[in-house]
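Engineer: 3D, please:
(one chain, ligands or ions: 1)
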Amino acid sequence: MIEVEHLVKKYGSLTAVDNLSMKIEPGHIYGLLGKNGAGKTTTMNMVTGYIGATSGSVKVCGHDIFKEAEAAKKEIGYLPEIPPLYTDMSVYEYLDFCAELKGIGKKERDEHIVDVMEKAGISEMEHRLIRNLSKGYKQRVGLAQAILGNPSIIILDEPTVGLDPVQMIEMRDLIKELGKDHTVILSSHILSEVSAVCDYIYIIDHGKLVADFAMDEEKAASLEEIFIELTGKEDKE
Ligand SMILES: Nc1ncnc2c1ncn2[C@@H]1O[C@H](COP(=O)(O)OP(=O)(O)OP(=O)(O)O)[C@@H](O)[C@H]1O
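Structural biologist: Okay, the predicted model is just below:
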């Protein structure tokens, strides 16, 4: 579904992503786990075609993200760490605008937006201005935008950052629900989040892949030890 091979991103003398290879198969919720600055956002930005790579390749459903961007991007819904929201629009106006950008025809748009709002749990916020929403609801609007067009893969960068504990649990439940119909990749530096939601883990440190494994009860119970052993103690949360 997604094949990342020998991906490298250099910023001057800093190698933010260092020869990273990953395979994403359909039907799972993947966690990209790493400390702050490990290279998660840079990886996701390359996988979604937001930024170019220094070298290496990303194929999404057989399409090269850099060479066949349009076909590859159709398969992906992306919620960046800071959702690209137009806060002077109402929820509906914003989703209508995004749907148009994604090439969803006028006729089918309304029904699709209603469906997406329901999935994201924001139906009752339809006419509210985005700027007046809580952080948790803003994040849900970002999520709704990501699932417009019904992409097969949903990529979420630190989806619970800045949410309060209740909003965090709601967002996790929402992600689990989405995982039933989509392949999901989420990045996080929060171990409890990853073990609660993900069934496959990639751990990156200093831009390098240091572990990948399927999540089970045993791994969930020892995730903290595994993480510290692989990445060192500082910055752990
Ligand atoms: N545009 C840029 N120019 C220069 N350096 C950058 C740029 N973007 C990221 N970096 C650096 O690349 C490294 C990886 O950053 P990245 O944002 O991918 O990490 P992250 O794992 O997503 O961390 P966080 O959880 O803090 O967002 C960091 O050292 C960061 O400072």
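
Engineer: distance of residue 214 from the ligand?
Structural biologist: Using CB to the nearest ligand atom, to the nearest Å, one gets 22 Å for the distance from residue 214 to the ligand. For every residue, glycine as well, the C-beta is placed using N, CA and C.

Engineer: hang on, that residue packs against residue 220?
Structural biologist: No - at 10.9 Å, residue 214 does not count as touching residue 220 under the criterion of CB atoms under 8 Å.

Engineer: compare those two (neighbour count), which wins?
Structural biologist: residue 220 (16 against 10; other CB atoms under 10 Å).

Engineer: quick check: residue 172 is in a helix.
Structural biologist: Yes - counting by DSSP: H, G, I helix; E, B strand; the rest coil, residue 172 is part of a helix.

Engineer: excluding its backbone neighbours, what's nearest it?
Structural biologist: Distance criterion CB to CB, 6 or more residues apart in numbering; nearest residue to residue 172, sequence neighbours excluded, is residue 197 at 5.3 Å.

Engineer: pop out the phi and psi values for the most centrally placed residue in the chain.
Structural biologist: The C-alpha lying nearest the average C-alpha coordinate of the chain belongs to residue 156 (CA atoms, centre = their mean; 1.5 Å). The phi/psi pair for residue 156 (degrees, to the nearest 10) reads phi -130, psi 120.

Engineer: look up which residues are beta-bridged to it.
Structural biologist: Applying DSSP bridges to residue 156 gives these bridge partners: residue 79, residue 186.

Engineer: doesn't residue 185 make contact with it?
Structural biologist: Yes - between residue 156 and residue 185 a contact is recorded at 7.2 Å, counting by CB under 8 Å.

Engineer: circling back: what about the residue nearest to the centre of the chain, distance to residue 167?
Structural biologist: 14 Å (CB to CB, to the nearest Å).

Engineer: sorry, back to before: for the residue nearest to the centre of the chain, give me its contacts.
Structural biologist: 79, 143, 146, 175, 184-187 (CB atoms under 8 Å, 6 or more residues apart in numbering).

Engineer: near the ligand, which residues of the chain?
Structural biologist: 11, 14, 16, 34, 36-42, 189 (CB under 6 Å from any ligand atom).

Engineer: got the domain ranges for the chain?
Structural biologist: With domains defined by automatic domain parsing, the chain comprises 1-75+151-237, 82-149.

Engineer: quick check: buried residues in stretch 219-226?
Structural biologist: 220, 223, 226 (16 or more other CB atoms under 10 Å).

Engineer: was I right to think residue 172 contacts residue 195?
Structural biologist: No - if you go by CB under 8 Å, residue 172 and residue 195 don't touch, sitting 10.8 Å apart.

Engineer: restricting to C-alpha, output stretch 203-219 in CSV.
Structural biologist: Only the C-alpha atoms of stretch 203-219 are listed here, as CSV (Å, rounded to 0.1, in the frame of the first residue of the first chain):
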residue,chain,number,x,y,z
ILE,A,203,10.2,3.6,16.2
ILE,A,204,12.5,6.2,14.8
ASP,A,205,15.4,8.0,16.5
HIS,A,206,17.7,10.7,15.0
GLY,A,207,16.0,10.0,11.6
LYS,A,208,16.8,6.3,11.6
LEU,A,209,14.4,3.4,12.0
VAL,A,210,15.5,1.6,15.2
ALA,A,211,12.6,-1.0,15.6
ASP,A,212,9.4,-2.2,14.0
PHE,A,213,7.1,-4.7,15.5
ALA,A,214,3.4,-5.8,15.8
MET,A,215,1.8,-4.7,19.0
ASP,A,216,0.6,-7.3,21.4
GLU,A,217,-0.1,-7.3,25.1
GLU,A,218,3.5,-8.2,26.0
LYS,A,219,4.9,-5.4,23.8
